[in-house]
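S.K.: next input, structure requested:
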Amino acid sequence: MSNEKVVIVTGAGSGLGEAIANEFGDAGYAVAVVDINEANARRVREELVSRDIQAIAERCDVSDEVSVGEAVERTIAELGRVDAVVNCAAIDYVVSVDDMTVAQWDQVLGVNLRGPMLFAKAVWPGMSAQGGGHIVNVASTAATRAWGNAAAYHASKWGLVGFSRGLGVEGREHGIKVTTIIPGGMRTHWFDRFPEQGIPMPDMTNLQDPRNVAQVILFAVQMPAGSTLQEVIVTPMAETSWP
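M.R.: Numbers count the residues shown, from 1 in each chain. Predicted structure coming up:
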């Protein structure tokens, strides 16, 4: 068990989540690498440990209350506490509402919106008891504008912004900070499925390195006690759909 600060990162087995796990690990945090893909979670954990960073790997379905509760309990049992949670796990189906199944809709809302609520609820008692903590919810510019074939994704990310604002108000009396990160396009595996679905790939040179966003998240969590970053939009310089 360690006295260093502890962060839980969901969706940490790849992409932005992996970048976040690495940034926090390099900053001295013990990291709970949480992902539904256990092999990916273990790979990231092994890479962190190889750099003398304390880390554990947890397979977790963030939309399942029992799975989330068990992941938080194991993190506390093995690492001692939870100082921060970064809710990064997300899913999307690039289809119209007409073509989307109800099951797909439920899955997107379950992972992207229910998941952050479940983790917030699971860590809340411990954070309150220790005098504070930080919850970071990763939204998207899909929470500020709209395009076709993404209605469920838009609904989940707009909802996440609203949830974060309400949660932040509730956290003040307990010393719990809540930050919403709103990133634009990133060079991650997110777009890997596009070719098989007949969707044009974006110009990857116009997207940002996920490490840039991860650094903003770490900065937000390391803000002095008297201040908090409520929301921050981080876009690539070349993102043409943003002013």
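S.K.: check which element follows the longest helix along the chain along the chain.
M.R.: As assigned by DSSP state H, the longest helix anywhere in the chain is helix 151-171. Sequence order places strand 176-183 as the next helix or strand after helix 151-171, per DSSP states H and E.
S.K.: what is the burial count for Leu79?
M.R.: 23 (other Cβ atoms under 10 Å). Backbone N, C-alpha and C define where each C-beta goes, glycine included.
S.K.: my understanding was that it contacts Val6; is that so?
M.R.: Yes - when contacts are counted by Cβ atoms under 8 Å, Leu79 is listed as touching Val6 (4.5 Å).
S.K.: mutual contacts of those two, please.
M.R.: Shared contacts of Leu79 and Val6, defined by Cβ atoms under 8 Å, 6 or more residues apart in numbering, are found at 30, 32.
S.K.: just the pLDDT at the residue lying farthest from the centre of the chain, thanks.
M.R.: Most distant residue from the mean C-alpha position of the chain: Asp98, 28.6 Å away (Cα atoms, centre = their mean). Listed pLDDT for Asp98 reads 97.
S.K.: verify the assumption that it is located in a helix.
M.R.: No - under DSSP: H, G, I helix; E, B strand; the rest coil, Asp98 sits outside any helix and is assigned coil.
S.K.: distance check, it against Ala142.
M.R.: Distance of Asp98 to Ala142, computed by Cβ to Cβ, to the nearest Å: 19 Å.
S.K.: over to Ala151?
M.R.: 10 Å.
S.K.: looking at those two, which is more packed in?
M.R.: Ranked by neighbour count (other Cβ under 10 Å), Ala151 and Ala142 place Ala142 first, with 21 against 17.
S.K.: which ones are touching the residue nearest to the spatial centre of the chain?
M.R.: By Cα atoms, centre = their mean, the chain has its centre lying nearest to Cys88, at 1.4 Å. With contacts defined as Cβ under 8 Å, 6+ apart, Cys88 is in contact with 9-12, 16-17, 20, 138.
S.K.: all helices for the protein, in order.
M.R.: 15-26, 38-49, 65-79, 102-109, 115-130, 151-171, 210-221.
S.K.: now those helices in a markdown table, with mean pLDDT and distance to Glu58?
M.R.: Formatted as a markdown table, the helices of the chain follow (pLDDT from 0 to 100; distance: least, Cβ to Cβ, whole Å):
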| stretch | mean pLDDT | distance to Glu58 |
| --- | --- | --- |
| helix 15-26 | 97 | 12 |
| helix 38-49 | 98 | 6 |
| helix 65-79 | 98 | 5 |
| helix 102-109 | 98 | 20 |
| helix 115-130 | 98 | 12 |
| helix 151-171 | 98 | 22 |
| helix 210-221 | 97 | 19 |
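S.K.: done for today, thanks.
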